[in-house]
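**Student:** have a look; sequence and predicted model below, questions after that.
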Amino acid sequence: MTASSFRYLFKEGFRNIWTNRMMSTASICVLMSCLILIGGASMIFLNIDSLLGRIEEENVIMIYVEDETTSSELRDMERALYKISNIKELDFIAKEDAWQEQLETMEPAQRAFFLEISSDIPLPDAYKVTVSDLSQFDDTVSQIKKLDHIDTVRENKDLAKRLVSIRRGVEIIAIVIVIVLLAISVFIISNTIRLTVYSRRLEISIMKSVGATNSFVRLPFIVEGMILGFISGVISLGLVWVFYDFAVSQFSDILGYLSLDALNFTDYALIMLGAFITIGVLTGVGGSAITMGRYLNREGSEISGV
């Protein structure tokens, strides 16, 4: 195919959009609606995932060390803990520091009472462990309990299981929503292209009669789908950005009361723009290809009907 043929076909794609601007506008609006819903749902799920991540970081394992453990044995224990692959962070809490923090939370009279009755520190040394993967929480606790010089291990297994279940549920819901919205978008684009094909069936039949290949006939409609998808993706990003910032501003008091911070949209804007354009273009191309493929398969009967 020559360069002039490509120019002609792309020009035809743009002309199709202008000629059928009412249907093109409808397609853009519908595809934008789907992309806005996908973008809005994505930001909600990202914020939920961020919140779950913070909760997971608070769901730590506390390891209390036996009182008579020496410094050398503590170092050996620390090396053994670092060998457990699922441990993300390991913080040593000296009993002196822990006791001082405990005293600072007491009333003056209560603090004086405890300091008077004994100079000994009633707390053990401890390690605070943050895990990487909560689904391996039980196995990590089991490995920790096998180590020497451990007095007590405190953990919240039920909370870990609930967090894993919630995260999986959120992921499944997000995938289902995206798939449904993409299917709707392909369906709408397909119907739009189908109407365009129907209005130009005589022209297509003449092109086929004079020897035009299926690719030559199909490409303008593919270009039309790409353009519709690109325009929808760019506009959708701007609208999602505006809606997200508006929602964050409206709920800022509630978020502040709960000590929560909404994610910054600018951190995800470029990624979302790329995703929107990709989804829009692929949806447009897919809808066009499906419709034109079906039409060209029965093109012979269409010609005879004309």
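**Tutor:** Nice, I can see it.

**Student:** for the rest of this, base every contact and every neighbour count on C-alpha atoms.
**Tutor:** Fine.

**Student:** any weak-confidence spans in the stretch 51-200 of the chain?
**Tutor:** 56-59, 115, 118-119, 159-160, 185-186, 188-200 (pLDDT under 70).

**Student:** what are the boundaries of the strands in it?
**Tutor:** Secondary structure of the stretch 51-200 of the chain, counting by DSSP state E, counting those that start in this stretch: strands at 61-65, 87-93, 126-131, 150-154.

**Student:** ok, which of those strands comes nearest residue 46?
**Tutor:** Among these, strand 126-131 comes nearest to residue 46, with 20.6 Å by Cα to Cα.

**Student:** could you pull out the helices for this structure?
**Tutor:** Residue ranges of the helices in the chain, as given by DSSP state H, are 3-19, 21-58, 71-82, 95-104, 108-117, 137-145, 157-199, 201-209, 214-250, 252-257, 266-297, 299-305.

**Student:** now do the second one against helix 214-250, angle only.
**Tutor:** Right, helix 21-58. Angle of helix 21-58 versus helix 214-250, following axes from the mean of the first three to the mean of the last three Cα atoms, to 10 degrees, is 50 degrees.

**Student:** next, the angle from helix 21-58 to strand 126-131.
**Tutor:** Angle, helix 21-58 to strand 126-131, by the same axes, to 10 degrees: 160 degrees.

**Student:** which strands and helices sit next to helix 21-58?
**Tutor:** strand 126-131, helix 157-199, helix 214-250, helix 266-297 (3 or more Cα pairs under 8 Å, 6 or more residues apart in numbering; DSSP states H and E).

**Student:** could I get the strands of the stretch 51-200 of the chain as a markdown table with distance to residue 177 and mean neighbour count?
**Tutor:** Output for the strands of the stretch 51-200 of the chain, formatted as a markdown table (distance: least, Cα to Cα, whole Å; neighbours: other Cα atoms under 10 Å):
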| stretch | distance to residue 177 | mean neighbour count |
| --- | --- | --- |
| strand 61-65 | 35 | 21 |
| strand 87-93 | 32 | 14 |
| strand 126-131 | 30 | 20 |
| strand 150-154 | 39 | 14 |
